[in-house]
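# Next come a sequence and a model predicted from it.
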Amino acid sequence: MKRLSFQFIAAVMILLALRVGAQTSNLRQDEQVVFYPSCAWQSGDGKWWDVEIHGCVFEPESRGLALALLRKGLALGDVEMTAAQRAIFAERARLFMVDNERGKRLAIALGNQTHILDASGPNGHFRTTLRFSAEEAIKLRGNTGDTIEFQAILPAGDARKFMGVVRFCRPDGWLVISDIDDTIKVTEVTDSSATMRNTFLEPFHPVPDMAGLYREWEKAGAGFFYVSASPWQLYLPLAEFVLSNGFPRGTFQMKVFRLKDGSMASLWEDPEKYKPGAIEPILKRFPRRRFVLVGDSGERDPEVYAGLARKYPQQVVRILIRNVTRESAAAPRYQKTFRQSPRDLWEVFEDPAAVAQIRGLN
């Protein structure tokens, strides 16, 4: 009997140890996590909320040779850099040189519960959608308003903190889906050399008066999604740019990119293929929302947005295109692109202050 009791106790202890381990992220001390701002949306019948958690697990690598190779791949190898430019380049290039970690299962503390996320893929990214009843969501949010924080649960002895935020988006009202490059940030995408310099060597500069326009919309009740064909490796500097220049906080949708899967020259290729797939899930999650799509004429934003407006005519109520190619609204490009769209749906602008007021969206 004593022998059986000892075996029983040992089995219980093992099970408890496994349970504790299962509630902890399998993250090593040399691995790091970035959580991207995520969104929660309500079901059509109002019975539950879905909360998406998205992030990346990676291990930083020594820079040395890798930094020089990356600089060459960006066609910046022959550019003489100042000390300030070298510092900017090292900071923005660092997440292109990491070792992405697959098979990592993170545990997070959200509210008073622990949740185990889906394992990270070969590119280090993980996505998990957690579902809460309407009653659970009310308790989860408490007195925090529309935004709550969560934290990764790390192994014993690991004192680091990896934090994330979730924004609860109400099912009605209006949302702004905004491009970044040459819409709110000066990038000069029509000039590849200037694009590389503005992306990797220079401080980010805002498009004048766009932050003020966006803040006016935020005061009117708008929420914001920043959708860019730039890679997730640039999320941290872009998020800092958004906040430091007075743009409203928002959720980001960016392109997954790995050097193993393509050259650096392909970083900004095919936005027309990427953006519809990034924007449509947002439209589907918020069928009662009305959307303002903001982009620029330097790439294919007019064509992408026009296609989405035809497919979702009840939701896309305004398209605003910042003119960086010096084409008026009467240009053949726009006449062809918007030939099936009402004229009051779209607007080409140069001065944000001249954008016609958006009425009746609340």
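Yes, it's here. Numbers count the residues shown, from 1 in each chain.
# Could you use CA atoms for every contact and neighbour count after this?
OK.
# Tell me how many other residues crowd residue 300.
The local packing of residue 300 (other Cα atoms under 10 Å) involves 15 other residues.
# Tell me the buried residues in the host helix or strand of residue 198?
Element membership for residue 198, per DSSP states H and E: helix 192-200. By neighbour count on 16 or more other Cα atoms under 10 Å, the buried set for helix 192-200 is 195-200.
# Check stretch 207-222 too.
207, 210-212, 214, 217-218, 222.
# what element comes up after the longest strand that the chain contains heading to the C-terminus?
In the chain, assigned by DSSP state E, the strand with the most residues is strand 48-59. Scanning forward in sequence from strand 48-59 by DSSP H and E, the next helix or strand is helix 64-73.
# and that next one with helix 192-200, angle?
Angle of helix 64-73 versus helix 192-200, following axes from the mean of the first three to the mean of the last three Cα atoms, to 10 degrees, is 140 degrees.
# Show me what helix 64-73 is packed against.
helix 83-93 (3 or more Cα pairs under 8 Å, 6 or more residues apart in numbering; DSSP states H and E).
# Note down every partner strand of the next helix or strand after the helix it packs on and its orientation.
As assigned by DSSP H and E, the chain's next helix or strand after helix 83-93 is strand 99-100. Strand pairing for strand 99-100, determined by DSSP bridges: strand 48-59 (antiparallel).
# How about residue 283: what's its closest non-neighbour residue?
Of all residues beyond its chain neighbours, the one nearest residue 283 is residue 315 (7.5 Å), with distances taken as Cα to Cα, 6 or more residues apart in numbering.
# Burial check on the one you found, number of neighbours?
Using other Cα under 10 Å as the criterion, the residues surrounding residue 315 number 21.
# does it really touch residue 288, like I thought?
Yes: taking Cα atoms under 8 Å as the definition, residue 315 is a contact partner of residue 288 at 7.4 Å.
# any weak-confidence spans in the stretch 51-200 of the chain?
62-66, 144 (pLDDT under 70).
# what about 80?
61-70, 72-75, 77, 142-145 (pLDDT under 80).
# How about the contacts made by residue 209?
Neighbouring residues of residue 209 by Cα atoms under 8 Å, 6 or more residues apart in numbering: 351-353.
# I should have written residue 36 there, sorry.
Taking Cα under 8 Å, 6+ apart, one finds 53-55, 164-165, 251-252 in contact with residue 36.
# Show the buried residues in those residues.
53-55, 164-165, 251-252.
# Check the secondary structure at residue 81 for me.
coil (DSSP: H, G, I helix; E, B strand; the rest coil).
# Break this structure into its domains for me.
27-59+100-168, 174-354 (automatic domain parsing).
# For residue 338, which non-adjacent residue is spatially closest?
residue 306 (6.3 Å).
# For the one you found, give its distance to residue 326.
19 Å (Cα to Cα, to the nearest Å).
# Show me which of those two is the more surrounded one.
Remark: of residue 306 and residue 326, residue 306 carries more neighbours, 23 against 11, as counted by other Cα under 10 Å.
# if we can go back for a sec, now, which of the buried residues of helix 192-200 sits nearest residue 344?
residue 195 (32.4 Å; Cα to Cα).
# what residue ranges in the stretch 201-350 of the chain are flagged as low confidence?
For the stretch 201-350 of the chain, the ranges with pLDDT under 80 are 258-272.
# try 90 this time
229-230, 256-274 (pLDDT under 90).
# Going by residue numbers, what spans are helices in this structure?
Secondary structure of the chain (DSSP state H): helices at 2-22, 64-73, 83-93, 134-141, 192-200, 210-219, 235-244, 271-285, 301-311, 332-337.
# what comes into contact with the fifth one?
Read that as helix 192-200. Counting by Cα under 8 Å, 6+ apart, 74-76, 88-89, 92-93, 186-189, 204 sit against helix 192-200.
# Pull out the buried residues from the residues you listed.
Buried among the contacts of helix 192-200 by 16+ other Cα under 10 Å: 74, 76, 88-89, 92-93, 186-189, 204.
# could I get those residues as CSV with distance to residue 170?
Putting the buried ones among the contacts of helix 192-200 into CSV (distance: Cα to Cα, whole Å) gives the following:
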residue, distance to residue 170
74, 41
76, 45
88, 38
89, 39
92, 34
93, 36
186, 32
187, 33
188, 35
189, 34
204, 32
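# which residues does residue 223 bridge with?
Residues in beta-bridge contact with residue 223 (DSSP bridges): residue 175.
# so who does it touch?
Residue 223 touches 169, 174-176, 250, counting by Cα under 8 Å, 6+ apart.
# Please check which residues sit opposite the residue nearest the centre of the chain as beta-bridge partners.
Computing the C-alpha centroid of the chain and ranking residues by Cα atoms, centre = their mean puts residue 252 first, at 2.2 Å. With DSSP bridges as the criterion, residue 252 is bridged to residue 226.
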